[in-house]
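Engineer: Okay, sequence plus prediction incoming.
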Amino acid sequence: MRQIITIVAFFVSVIVYTTACKSHKQLIEKNTEPAGENTAKKYASFKPGALWYDDKGEVINAHGGGILYAGNKYYLFGEKRGRSRQEGVNVYASDDLYNWKLEGLALAPNITDTTSDIASGCLME
């Protein structure tokens, strides 16, 4: 009996996982524009839940971001995340808070000192 319950629980978890992945994929597809269509796009409003692209057509990569205003320009600083680790802190610039240009890496991870707060592989939060 215990084996039957375990097998049923396994199949139920597979079904739930598959359904969740399919729903997530549909959400991503719904909010992703086809390649090439987003590169010249200028934003005039925010669309909650949609992907947000910079001036080069790349998805803005600034997790846990914060915005500063200086010299009539807004600057967005946020963690640049790769597939399995952080890659530093990106900085973007904007005149209107809608359209952003990647200025570059404001802070790179320290690859030589593993005890550093910004050691390679850490999360910058």
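Structural biologist: Perfect, thanks for sending it.

Engineer: just so I have it, where are all the helices in the chain?
Structural biologist: 2-30 (DSSP state H).

Engineer: Please enumerate the strands of it.
Structural biologist: 63-70, 73-81, 86-94, 101-107 (DSSP state E).

Engineer: among the ones you listed, which is nearest Asp54?
Structural biologist: strand 101-107 (5.2 Å; CB to CB). (Glycine included, C-beta is placed from N, CA and C.)

Engineer: for the protein, which spans come out with low pLDDT?
Structural biologist: 1-40, 84-85, 121-125 (pLDDT under 70).

Engineer: Test my guess that Lys73 contacts Tyr92.
Structural biologist: No. Using CB atoms under 8 Å, Lys73 is not in contact with Tyr92; the gap is 10.4 Å.

Engineer: got a markdown table for the strands of the chain, with distance to Leu51 too?
Structural biologist: Shown next, in a markdown table, are the strands of the chain (distance: least, CB to CB, whole Å):
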| stretch | distance to Leu51 |
| --- | --- |
| strand 63-70 | 14 |
| strand 73-81 | 15 |
| strand 86-94 | 15 |
| strand 101-107 | 15 |
